[in-house]
Structure formats: structure tokens, C-alpha cells
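Peer 1: Pasted the sequence and its predicted model underneath.
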Amino acid sequence: MNKDRIEGAAKEAKGAVKEAAGKVTGDAKWRIEGKVKKRPRERFRTRSAA
């Protein structure tokens, strides 16, 4: 694994923890932030004009 993949996996794990903490505490802000951090590349993927 290269450095970028390790950093990406760590960010996704951090997002998953933050999302879970938001669910447990009922904090919508943490839950949403966790979702965004967990899968950022899926949120901003563009469609190709095929």
C-alpha cells in the first residue's frame, strides 16, 4: 500500500467513527460530517457524457 491509500483509509475510518458517535448521541451534525468524511470521493464523482 502506498501512503495515499493509507491516509484515505484512515480518513474513512475517522468518518465512520464520527458517524457512529453522531447516531449514538443523536447529534445530526456529527452524523452528517461523518458520512461526508467517510466517502468523500463518491460525493463529488462526476458523470461522463457518454
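Peer 2: In hand now; what should we look at?
Peer 1: Just give the nearest non-adjacent residue to residue 27, would you?
Peer 2: Excluding its sequence neighbours, the residue lying closest to residue 27 (CB to CB, 6 or more residues apart in numbering) is residue 21, at 7.5 Å. (Each C-beta comes from the backbone N, C-alpha and C, glycine too.)
Peer 1: what's the helix or strand for that neighbour?
Peer 2: helix 3-25 (DSSP states H and E).
Peer 1: what's stretch 21-40 in contact with?
Peer 2: 11, 12, 14, 15, 16, 17, 18, 19, 20, 43 (CB atoms under 8 Å, 6 or more residues apart in numbering).
Peer 1: Could you check how far the residue most central in space within the chain is from residue 18?
Peer 2: The residue lying closest to the centre of the chain (CA atoms, centre = their mean) is residue 38, at 1.3 Å. To residue 18, residue 38 is 8 Å away according to CB to CB, to the nearest Å.
Peer 1: likewise residue 29?
Peer 2: Applying CB to CB to residue 29 and residue 18 gives a distance of 10 Å.
Peer 1: Neighbour count for these two, which is higher?
Peer 2: residue 18 (21 against 9; other CB atoms under 10 Å).
Peer 1: Once you drop chain neighbours, what's closest to the more buried one?
Peer 2: residue 34 (3.5 Å).
Peer 1: and that neighbour, helix, strand or coil?
Peer 2: helix (DSSP: H, G, I helix; E, B strand; the rest coil).
Peer 1: Quickly note the distance from it to residue 2.
Peer 2: 25 Å.
Peer 1: neighbour count winner among those two?
Peer 2: residue 34 (20 against 7).
Peer 1: From residue 22, how far out is residue 35?
Peer 2: Applying CB to CB to residue 35 and residue 22 gives a distance of 9 Å.
Peer 1: For residue 37, grab the count of nearby residues.
Peer 2: 18.
Peer 1: for this protein, where's the lowest mean pLDDT among helices and strands?
Peer 2: Ranked by mean pLDDT, DSSP states H and E, the weakest helix or strand in the chain is helix 40-43, scoring a mean of 58.
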